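Peer 1: Quick one: sequence and predicted model below, then my questions.
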Amino acid sequence: MESNSEATRPAFPVELEYQSGFDNHFSSEAIGGALPRGQNSPLLCPNGLYAEQVSGTSFTSPRKHNHRSWLYRVKPSVTHEPFRPRLPSHDRLVSEFNRSNSSATPTQLRWKPVADPESPTDFIDGLYTVCGAGSSYLRHGFAIHMYSANKSMDDYAFCSADGDFLIVPQKGRLWITTECGRLQVSPGEIVVIPQGFRFAVDLPDGHSRGYIAEIFGTHFQLPDLGPIGANGLASSRDFLVPVAWFEHVPCPGYTVVQKFGGELFTAKQDFSPFNVVAWHGNYVPYKYDLSKFCPYNTVLFDHGDPSINTVLTAPTDRPGVALLDFVIFPPRWLVAEHTFRPPYYHRNCMSEFMGLIYGGYEV
């Protein structure tokens with residue numbers, strides 16, 4: 001089989017190719033004919049590849065909620081050495097929130113952006129938890145992280161076994177290589193890396209920082225539009241999914257760093273995890289350009305509730321109650337008459353974590 005890679009990850013092209021849609025069943029192949037026809041796991045896959053299913057839900061979840069993808073790779077991902085606790089340990093990550101490791105306060109808190117790291121710091125070492133609730137072990141809750149990094153990830157990949165990562169870069173582009181392909185994410189865009197997917201982050205602009213929302217036990221979906229109708233807010237067609245891309249070169253000592261229960265574990269292997277030649281399914285990483293969001297607003301008096309600006313929501317079993325909503329306040333016209341300046345004062349039964357990407361802060 002021919003390789004699509006040099007000894008090190010090549011620079012991203014100026015324009016990456018993507019597929020569009022949200023929660024679609026996608027398919028992609030880097031080599032024509034690499035996807036099996038008529039079945040998922042044939043006795044012999046094309047090109048001598050190995051079939052591997054990645055599940056984002058239980059096998060028996062209702063079909064409309066079932067998430068899974070089939071990956072066809074040069075070498076099975078299970079062929080690695082046993083995982084061992086990463087040393088030195090990373091003591092700034094939390095996924096189990098209780099009185100032993102967290103403190104609660106009813107006071108509103110506000111702080112300045114974190115300083116740029118002075119020493120070489122990659123995405124993993126620059127990651128730290130700010131707040132959260134619930135437990136990754138109980139599969140219910142969320143964590144809010146931030147990151148500040150100035151070094152690309154070389155010869156290792158990261159994976160969260162705890163939950164989906166919604167990454168919001170505030171400074172500096174991210175070149176993200178995943179098992180499904182590559183994504184370039186700029187400030188003003190977001191990217192979601194589902195639970196269990198391995199990825200590496202390169203920093204073409206040097207320093208980068210941003211926000212991350214991690215959710216346990218569920219996945220993001222588009223909010224229902226109700227009386228808005230069939231169109232508006234975030235459109236399915238504007239979500240972008242990578243196309244298959246792979247590298248197949250010897251990688252002695254390659255390290256996979258896995259987050260599990262808020263702790264980091266490492267496993268060595270002799271190949272790149274980005275060796276997926278073809279794949280199909282609906283469980284995939286994706287990105288979205290926030291400038292494509294179509295906001296709705298009042299045209300006469302008073303303000304709509306902030307929920308009208310929901311881009312993605314992570315539902316719970318209780319109708320109308322989200323585990324976490326990702327909401328934005330984009331540039332828009334505010335034309336209400338005889339109305340107090342935005343936003344109105346309110347006391348909310350849901351906790352709010354707000355971050356500025358660009359522009360002026362509205363509060």
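Peer 2: Looks like it came in fine.
Peer 1: contacts and neighbour counts: CA atoms only from here.
Peer 2: Fine.
Peer 1: Dig out what residue 53 forms beta bridges with.
Peer 2: When bridges are called by DSSP bridges, residue 53 pairs up with residue 70.
Peer 1: What ranges does the stretch 101-250 of the chain have for its strands?
Peer 2: For the stretch 101-250 of the chain, the strands defined by DSSP state E, counting those that start in this stretch occupy 127-135, 140-149, 156-160, 164-171, 174-178, 181-185, 189-193, 199-202, 208-216, 239-242, 250-260.
Peer 1: contacting residues around the most centrally placed residue in the chain?
Peer 2: The centroid of the chain falls nearest to residue 192 when counting by Cα atoms, centre = their mean (2.3 Å). Residue 192 makes contact with 164, 165, 166, 167, 285, 286, 287 under the criterion Cα atoms under 8 Å, 6 or more residues apart in numbering.
Peer 1: ok, the third one to residue 313 distance?
Peer 2: When you say that, I think you mean residue 166. 11 Å (Cα to Cα, to the nearest Å).
Peer 1: Neighbour count: the two, which is higher?
Peer 2: residue 166 (24 against 19; other Cα atoms under 10 Å).
Peer 1: Nearest spatial neighbour of that one, chain-adjacent residues omitted?
Peer 2: residue 192 (4.4 Å; Cα to Cα, 6 or more residues apart in numbering).
Peer 1: Repeat that for residue 205.
Peer 2: Nearest non-adjacent residue to residue 205, counting by Cα to Cα, 6+ apart: residue 172, 5.5 Å away.
Peer 1: looking at it, that neighbour is touching residue 208, isn't it?
Peer 2: Yes: in this structure residue 172 lies within contact range of residue 208 using Cα atoms under 8 Å: 4.4 Å.
Peer 1: who has more neighbours, the two?
Peer 2: Using other Cα under 10 Å as the criterion, residue 172 and residue 208 rank with residue 208 on top: 25 against 19.
Peer 1: Quick check: bridge partners of the more buried one?
Peer 2: Bridge pairing for residue 208 - DSSP bridges - gives residue 149.
Peer 1: Could you grab the helix/strand/coil label for residue 320?
Peer 2: coil (DSSP: H, G, I helix; E, B strand; the rest coil).
Peer 1: gap between it and residue 314?
Peer 2: Look at residue 320 and residue 314: by Cα to Cα, they are 11 Å apart.
Peer 1: related to what we said a few turns ago, give me the beta-bridge partners of the residue nearest to the centre of the chain?
Peer 2: Counting by DSSP bridges, residue 192 is bridged to residue 166, residue 286.
Peer 1: State the distance from it to residue 141.
Peer 2: For residue 192, the distance to residue 141 (Cα to Cα) stands at 17 Å.
Peer 1: now swap in residue 295 and tell me
Peer 2: Applying Cα to Cα to residue 295 and residue 141 gives a distance of 28 Å.
Peer 1: neighbour-wise, which of these two wins?
Peer 2: When residue 295 and residue 141 are compared for neighbours, residue 141 comes out ahead with 23 against 18, by other Cα under 10 Å.
Peer 1: which one is the more buried one nearest to, not counting chain neighbours?
Peer 2: Of all residues not flanking residue 141 in the chain, residue 134 sits nearest, at 4.1 Å (Cα to Cα, 6+ apart).
Peer 1: That neighbour: what's it in contact with?
Peer 2: 95, 96, 97, 140, 141, 142.
Peer 1: what would those look like in CSV with pLDDT and distance to residue 155?
Peer 2: Shown next, in CSV, are these (pLDDT from 0 to 100; distance: Cα to Cα, whole Å):
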residue, pLDDT, distance to residue 155
95, 92, 26
96, 92, 29
97, 94, 32
140, 95, 33
141, 96, 32
142, 97, 29
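Peer 1: right, and residue 274 touches residue 244 too?
Peer 2: No: between residue 274 and residue 244 there is no contact under Cα under 8 Å: 9.7 Å.
Peer 1: what sits in contact with each of those two?
Peer 2: By Cα under 8 Å, 6+ apart, the residues touching both residue 274 and residue 244 are 180, 181.
Peer 1: Flag the shaky bits of the stretch 201-350 of the chain, pLDDT-wise.
Peer 2: 342 (pLDDT under 70).
Peer 1: try it again with 80
Peer 2: The stretch 201-350 of the chain contains residues with pLDDT under 80 at 341-346.
Peer 1: before we move on, what about the stretch 51-200 of the chain?
Peer 2: For the stretch 51-200 of the chain (pLDDT under 80), the answer is none.
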